[in-house]
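*Asks:* Generate a structure from the sequence data that follows.
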Amino acid sequence: MSLVTAPITAPSPVPTTRQSALPLRRPRSGGLARRAGLVFAVVWLLLLTALATSVQWLPIPSYDEIVGAPFQPVFAPDAPLGTDSIGRSIFSRAIYGARASLTLGVVAAAISLVLGGLLGLVAGYYRGVMETVVDLCSEVVQAFPAMLFLVALAAAIRPSLATLTISMAVLMVPAFARMMKGAVLAQTGREFIAAARAQGAGPIRIMFREILPNTLMSIASFAIMVTATLIVIEGSVSFLGYGIPAPQPSWGGMVAESQSQLATHPAAVMIPIVFLFLTVFALNAMSDWLRARFDVGQNQI
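*Replies:* Have a look, this model is predicted:
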């Protein structure tokens, strides 16, 4: 009787491709840089806002006061950032320019947020004729180039901080209306809206108690980004000579006044540019942080 033995085979090796049942977390390479940028943004905006709001009580000269010879260098005794073409303190004018730019950007963004947000909220909830009217008005306003509209307005009436603020707010209303309408359309099909309707909630309560709170963070991040955009637009219009009238300072106007002396006295041109750049960078960093913090889809990336 012969014994039949099965061939002995070596055990199959354990696959090396699967090291763990738990997925590996991808390192967030930009986390440290984003936090550092956020800290800088908050510190810069708080410092600039504090200086701009209290500039009248600070021991610095007025924006139209001549403190020394023209184009004094940086770290001069009476002008820590030097003087401009007629001897005014660049530091003082930059701080007064910050007050004008921040006021215009924040107020115009707030006005356009309220008007555009209400229009988008109503249009997105009711749809139909209301949506058609809001979309048509938005397209009409957006058909005008922003710079051309502001230049034409300056040619028609004397430009001022108030007229520029109102006109820029009107230009930004369609952007807020479209964004709010999209956010409302994304919320109306969710379960909590159906539950609110089943409980007998009316349109006003659904819009302002259910939909609006769930869209505030996205709208807030967009409003901060719009504020940065408005500050850049104001600087561009003032650089062209159609913005805030002299002698009231603005960052764009300061650049325009000293641009011919860029080769010989670069500080008079570069300092307001640095103020403008740092402010826009800080606002964009805060907007990105809000969007990354409260946008679930982006947090999963």
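*Asks:* can you list the weak-confidence ranges in the stretch 51-200 of the chain?
*Replies:* Scanning the stretch 51-200 of the chain for pLDDT under 70 picks out no residues.
*Asks:* just the helices in it please.
*Replies:* 90-126, 128-142, 146-156, 161-188, 191-198 (DSSP state H, counting those that start in this stretch).
*Asks:* Distance to Y63 and mean neighbour count for these - can I get that in a markdown table?
*Replies:* All C-beta spots, glycine's among them, are computed from the backbone N, C-alpha and C. Converted to a markdown table, the helices of the stretch 51-200 of the chain look like this (distance: least, CB to CB, whole Å; neighbours: other CB atoms under 10 Å):
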| stretch | distance to Y63 | mean neighbour count |
| --- | --- | --- |
| helix 90-126 | 4 | 22 |
| helix 128-142 | 34 | 14 |
| helix 146-156 | 21 | 15 |
| helix 161-188 | 14 | 20 |
| helix 191-198 | 52 | 12 |
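*Asks:* CSV for the ones you listed, including distance to L278?
*Replies:* Shown next, in CSV, are these (distance: least, CB to CB, whole Å):
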stretch, distance to L278
helix 90-126, 10
helix 128-142, 30
helix 146-156, 23
helix 161-188, 21
helix 191-198, 41
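*Asks:* Among those, which comes closest to L45?
*Replies:* Closest of those to L45 is helix 90-126, at 8.7 Å (criterion: CB to CB).
*Asks:* Packing partners of the closest one?
*Replies:* helix 31-53, helix 128-142, helix 161-188, helix 216-240, helix 251-258, helix 267-294 (3 or more CB pairs under 8 Å, 6 or more residues apart in numbering; DSSP states H and E).
*Asks:* Repeat the analysis, applying 6 Å as the threshold.
*Replies:* helix 31-53, helix 128-142, helix 161-188, helix 216-240, helix 267-294 (3 or more CB pairs under 6 Å, 6 or more residues apart in numbering; DSSP states H and E).
*Asks:* Any stretches of the stretch 201-301 of the chain with poor pLDDT?
*Replies:* In the stretch 201-301 of the chain, residues with pLDDT under 70: 295-301.
*Asks:* ok, back up a step: pipe the helices and strands packed on helix 90-126 into TSV and attach distance to A246 per row.
*Replies:* Shown next, in TSV, are the helices and strands packed on helix 90-126 (distance: least, CB to CB, whole Å):
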stretch	distance to A246
helix 31-53	19
helix 128-142	30
helix 161-188	13
helix 216-240	10
helix 267-294	14
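*Asks:* circling back to that earlier point, how about the helices of the stretch 51-200 of the chain, which one is nearest F239?
*Replies:* helix 146-156 (10.9 Å).
*Asks:* how big is the angle separating the closest one from helix 161-188?
*Replies:* 150 degrees (axes from the mean of the first three to the mean of the last three CA atoms, to 10 degrees).
*Asks:* Run through the neighbouring helices and strands of helix 146-156.
*Replies:* Secondary-structure packing of helix 146-156 (3+ CB pairs under 6 Å, 6+ apart): no helix or strand packs against it.
*Asks:* how far is it from where the chain is centred?
*Replies:* With CA atoms, centre = their mean, to the nearest Å as the basis, helix 146-156 stands 23 Å off its chain's centre.
*Asks:* got the angle for that helix vs helix 128-142?
*Replies:* 70 degrees.
*Asks:* Need the contact partners of helix 146-156.
*Replies:* 167, 171, 237, 242 (CB atoms under 6 Å, 6 or more residues apart in numbering).
*Asks:* show me the contacts for S258.
*Replies:* With CB under 6 Å, 6+ apart, S258 has these contacts: 84-85, 268-269.
*Asks:* And the nearest residue to it once chain neighbours are set aside, how far from G241?
*Replies:* Excluding the flanking residues, the one nearest S258 by CB to CB, 6 or more residues apart in numbering is A268, at 3.7 Å. Separation of A268 from G241 (CB to CB, to the nearest Å): 17 Å.
*Asks:* So between the two, which is more surrounded?
*Replies:* A268 (26 against 14; other CB atoms under 10 Å).
*Asks:* Hmm, D84 and that one touching each other?
*Replies:* Yes: using CB atoms under 6 Å, A268 is in contact with D84, at 5.3 Å.
*Asks:* Cheers, nothing more for now.
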